[in-house]
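Engineer: structure for this input, please:
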Amino acid sequence: MQERLLRIKEVMERTGLAKSTVWKKSKDKEKDEIGERESIEIAFPRPIKQSSRVTVWIESEINEYIAEVIKKSIRE
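Structural biologist: Numbers count the residues shown, from 1 in each chain. This next block holds a predicted model:
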């Protein structure tokens, strides 16, 4: 299976998150890695900067995030 790169619009459509929420969750991931957040929820995938104006996410990582959100909601 070939991996795809998703732009912000498709990430928003797949996750149901607003653009500002996608960016906030992406920034929270950076904070998690340097230990600034105390309680960690499901980690949002880190974006990849393709050029100065293009940022993408790896499709399989977005799919994993969605699966984890579903698993967590079932457990609660």
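Engineer: buried set for the longest helix along the chain?
Structural biologist: Longest helix in the chain, counting residues (DSSP state H): helix 59-75. Within helix 59-75, the residues that count as buried by 16 or more other C-beta atoms under 10 Å are Glu59, Glu61, Ile62, Tyr65. Placement of C-beta: from N, CA and C, glycine included.
Engineer: list the contacts for Ile62?
Structural biologist: With contact taken as C-beta atoms under 8 Å, 6 or more residues apart in numbering, Ile62 is in contact with Leu6, Val11, Arg14, Thr15, Pro45.
Engineer: now Ile42: which helix or strand?
Structural biologist: Using DSSP states H and E, Ile42 falls within no helix or strand.
Engineer: same check on the one 3 residues further on?
Structural biologist: Element membership for Pro45, per DSSP H and E: none, as it lies in no helix or strand.
Engineer: for Val56, see how far away it is.
Structural biologist: From Pro45 over to Val56 the distance is 10 Å, taken as C-beta to C-beta, to the nearest Å.
Engineer: which one's more surrounded, those two?
Structural biologist: Higher neighbour count among Pro45 and Val56: Pro45, with 20 against 17, using other C-beta atoms under 10 Å.
Engineer: mind pulling up the pLDDT for the more buried one?
Structural biologist: Listed pLDDT for Pro45 reads 95.
Engineer: what of the one 5 residues further on?
Structural biologist: Gln50 is assigned 96 on the pLDDT scale.
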